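> The sequence and its predicted three-dimensional model are supplied below.
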Amino acid sequence: MKSSDLRKEFLEYFRSKGHTVVPSDSLIPANDPSLLFTGAGMNQFKEYFLGLKRDMKRAASCQKCFRTGDVEQVGQTASHLTFFEMLGNFSFGDYFKKEACAWAWEFMTGRLKIPKEKLWATVYEQDDEAAEIWKKEIGLPPERIVRMGARDNFWPSNAPADGPNGPCGPCSELHYDYGCCTIGKKCPDPEKCQPGCKCGRFVEVWNLVFTQYDRQPDGSLKPLPAPNIDTGMGLERLTAVMQNKRSVFETDLFQPIVAEIGNYAIADHARALTFLIADGVVPSNEGRGYVLRMLLRKAIRAGRPVGITKPFLYRLPPVVAQVMGGAYPELVHRRESIAQVIKAEEERFFQMLEEKVPLVEAEIQAKRGSALDAQTAARFYDTHGLAYDEIAEVCGKHSVKLPSKQEFEKALGDLQQKSKQGGGFSGAIFAKDALQETVSGIPPTGFTGYEGLTAQAKVLGLVRENRLVDEAKAPAKIAVILDKSPFYGEAGGQVGDAGVLQAPEGKLKVADTQWVGSVLVHQAELTEGRVRVNDPVRAEVDASRRQRVARNHTATHLLHAALRKVLGAHVTQAGSLVAPDHLRLDFSHGQALSGSQRDSVESLVNEWVERNLPVRVDKMAIDEAKKGGAMALFGEKYGSEVRVVSIGDVSKELCGGTHLKGSGDVNMVKIVEEGSIASGVRRVEALSAEAALDSMKAEVVRLQQDRERLTARNRQLEEEKKKLKGAA
């Protein structure tokens, strides 16, 4: 069975069991600063597990995941990966162990036709309930039900003894029995061999987590009032089982990539790099970008033993897109821009090795027979850009003792320490956002801002210092939540609206509006009187400011389209800021714009402005939108229904922002700055309408002043020349 069929079978099976099938979240977790990367299928359902959202009881997904905890094992074992896909089904206080076990068994043995005798189950040693379900309900023989300790069969691992405090619970895993330790060899002691042994006979396929306890500060496990189900099954491992392969690298998910490069570790890293960049991560010296950069360099080093001494990774994103583009069409659309980002970073790395390593080598060579201190190693990183592995390589060459990686990271400071931990699965996954928890019981806000800029509404909540209050008196800073609102909440690069709220006994000035989950929070200053919960209010958006924002948002779409037209289809948006006074667009491109390219982009945008192209907004299913050619943007998460903003025949993008009726109202666009913000990513800043005109006037004044200074200098030089001639 093909991997693409397995994805489909899993999701359709759980759809038939009443689950809402949810698209994969980005590898960059939305609204979750506790994680650098999405490391499990349950990450995007955090609010449901915490009870902050209640509009869904059952869900299923195929989630893109990235973890670096086992990166040294990648390519050395049959199943360790940095990037993988996790199939999962979830229950938020609905069904529990009996249904989870029964459906897992039915899917594996009924839907996929895996022989029953090939499957074993492990349970937490104290979980008699799960053991009884496998034995009595499922009919699994007792000898194929293995009890294991909290380190192996509890989530988080060993939580009863070590914590962290908060939601936790026992696990039950399904293991596939290959029947022998290695291909062609029988297990030396088959009667004693069971899941958990290191012989390679068994592979864990599916982990069912029964989140039923709340660990208390004293270490006790308090039963949760509404236990949850969180499962995860690696698609790559399941594919290996279904294709009768002992290694995930031998499956159809990897073979075209392995055939291209001939190395398992590089094949994994190429997939990870492609997906990370597709979700908006770019190489840098901090956070996610640092993890990406180190992974790329690790892949390059893996190529050295086979004689690869020049950029090669950039050739692999098109192959990854060929393998996985059916499930993730954004890879096909962005393969060229992804390749450009990788190639630029590869070239930078090879150049760094050529230029910087000799400098470091000379200094290290002088220490032959001694040790390199952590501070010097950190300086090599800070000054020359050499990471620990590059420094270690040079030290080994000259018999110089290297400081430990922990000492090196301590010397580098918090930046590298955070990055080192970035791919891990944090035990603090359930850390609650204070404001989100505060407003969790308030009904969703109805947004009316597409239809008009005023609304009669009712105050549902007032928040001061993350606490709900019944009323507030002027002067006071207060967050206001209404039942409905015309104020646009910050999203998709567009800033939140400002304006006023008029209550019966008070007036509030709104400075910003932001979404907190499904609730719109108006950050306001109470300037007069008082406001109370349940007060009727008149909400009025600052119309002039909204118009300036809309003008810059439409201009941003035009600028994006012009960049693609002039530079090529590989250009894709990698971020934006749409404010009242200016706009900013980050885009994938490996080189600085030449003067002529910059002029061409600006001229093309202004040509489209002059044509006064109609701006049209349509609502449709996301699949229909993508089939119609609408662009989805880096890092954005879309629902099943989307808004498609079309500007004539030059631009079509998925967008939730506010726009003009016609491009002519942009008036004009002036590019004021263009530069690099990361390897393979450029940033352009621009102005529209009056701001653009003011910029051009200021530029004319500067040119006039320069001309006057130059004329005065020429006169001075002529006078000096005459004096010199007279003196001669």
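Cool, got the structure.

> OK, contacts around Leu11?
21, 60-62, 87 (CB atoms under 8 Å, 6 or more residues apart in numbering). The way it works is simple: take the backbone N, C-alpha and C, and place the C-beta from them, glycine included.

> Return the member of those residues nearest to Pro217.
Ser61 (33.0 Å; CB to CB).

> give me every residue that touches that closest one.
11, 21-25, 41, 44, 87-88, 90.

> ok, which stretches of the stretch 151-300 of the chain are strands?
Here the stretch 151-300 of the chain has its strands, by DSSP state E, counting those that start in this stretch, at 154-155, 166-177, 180-182, 185-186, 202-215, 221-234.

> Could you point out which of these sits nearest Val571?
It is, among the strands of the stretch 151-300 of the chain and with distance given as CB to CB, strand 221-234, at 34.5 Å.

> What's the mean pLDDT across the closest one?
The pLDDT scores in strand 221-234 average 94.

> So which elements touch it?
Counting contacts by 3 or more CB pairs under 8 Å, 6 or more residues apart in numbering; DSSP states H and E, strand 221-234 packs against strand 83-92, helix 97-105, strand 166-177, strand 202-215.

> Kindly report the domain assignment for this protein.
3-246, 278-421, 434-541, 546-693 (automatic domain parsing).

> before we move on, back to that, can you put the contacts of Ser61 in a markdown table and add distance to Lys245, secondary structure and pLDDT?
Formatted as a markdown table, the contacts of Ser61 follow (distance: CB to CB, whole Å; DSSP: H, G, I helix; E, B strand; the rest coil; pLDDT from 0 to 100):
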| residue | distance to Lys245 | secondary structure | pLDDT |
| --- | --- | --- | --- |
| Leu11 | 23 | helix | 97 |
| Val21 | 27 | strand | 95 |
| Val22 | 29 | coil | 94 |
| Pro23 | 28 | coil | 92 |
| Ser24 | 24 | coil | 93 |
| Asp25 | 28 | coil | 91 |
| Gly41 | 23 | helix | 93 |
| Gln44 | 30 | helix | 91 |
| Leu87 | 18 | strand | 98 |
| Gly88 | 23 | strand | 97 |
| Phe90 | 29 | strand | 97 |
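
> Please give the number of neighbouring residues around Glu355.
11 (other CB atoms under 10 Å).

> Okay, buried residues for the stretch of helix or strand it belongs to please.
Glu355 belongs to helix 330-365 when assigned by DSSP states H and E. For helix 330-365, a neighbour-count test (16 or more other CB atoms under 10 Å) marks 330-331, 333-346, 348-349, 353, 356-357, 360, 364 as buried.

> same question, stretch 688-703
688-689, 691-692, 695.

> can you give me how far that stretch is from the chain middle?
38 Å (CA atoms, centre = their mean, to the nearest Å).

> Stretch 56-66 too?
Distance, centroid of stretch 56-66 to centroid of chain: 15 Å (CA atoms, centre = their mean).

> any idea of the mean pLDDT for stretch 690-702?
Mean predicted lDDT for stretch 690-702 stands at 85.

> Over to stretch 623-632?
For stretch 623-632, mean pLDDT is 82.

> How about stretch 658-669?
96.

> who touches that stretch?
By CB under 8 Å, 6+ apart, stretch 658-669 touches 449-450, 488, 494, 546, 549-551, 553-555, 557-559, 602, 605-606, 608-615, 617, 645, 647-648, 686-690, 692-693.

> which of these are buried?
Buried among the contacts of stretch 658-669 (16+ other CB under 10 Å): 449, 488, 494, 546, 549-551, 553-555, 557-559, 602, 605-606, 608-609, 613, 615, 645, 647-648, 686-689, 692.

> related to what we said a few turns ago, wait, which of the contacts of Ser61 is closest to Gly280?
Asp25 (12.8 Å).

> tell me the contacts of that closest one?
Counting by CB under 8 Å, 6+ apart, Asp25 makes contact with 38, 43-44, 61, 63-64, 637.

> Could you rerun that using 10 Å?
For Asp25, the contacting residues are 32, 38, 41, 43-45, 61, 63-65, 279, 637, by CB atoms under 10 Å, 6 or more residues apart in numbering.

> Run through the protein and note the low-pLDDT ranges.
For the chain, the stretches with pLDDT under 70 are 31-34, 182-191, 382-383, 414-434, 633-640, 728.

> what's the helix or strand for the residue positioned nearest the centre of it?
The C-alpha lying nearest the average C-alpha coordinate of the chain belongs to Ile28 (CA atoms, centre = their mean; 1.5 Å). Assigned by DSSP H and E, Ile28 belongs to no helix or strand.

> gap between it and Gly280?
6 Å (CB to CB, to the nearest Å).

> just to revisit the earlier point, mind putting the helices and strands packed on strand 221-234 in a markdown table, mean neighbour count and distance to Val516 included?
Below are the helices and strands packed on strand 221-234 laid out as a markdown table (neighbours: other CB atoms under 10 Å; distance: least, CB to CB, whole Å):
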| stretch | mean neighbour count | distance to Val516 |
| --- | --- | --- |
| strand 83-92 | 25 | 19 |
| helix 97-105 | 20 | 31 |
| strand 166-177 | 23 | 21 |
| strand 202-215 | 22 | 24 |
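
> nearest to Lys652, of the ones you listed?
strand 83-92 (29.1 Å).

> how far out from the middle of the chain is stretch 588-599?
27 Å.

> Could you tell me the end-to-end distance of it?
19 Å (CA to CA, to the nearest Å).

> Ok, stretch 115-129 next?
From its first residue to its last, stretch 115-129 covers 25 Å (CA to CA).

> What are the buried residues along that stretch?
Neighbour-count burial for stretch 115-129 [16+ other CB under 10 Å]: 119-125, 127, 129.

> now swap in stretch 137-147 and tell me
138, 140, 144-146.

> neighbouring contacts of that stretch?
So stretch 137-147 is contacted by 97-98, 101-102, 104-106, 109, 116-128, 130-135, 152-153, 172-175, 177, 191, 194-196, 202 (CB under 10 Å, 6+ apart).
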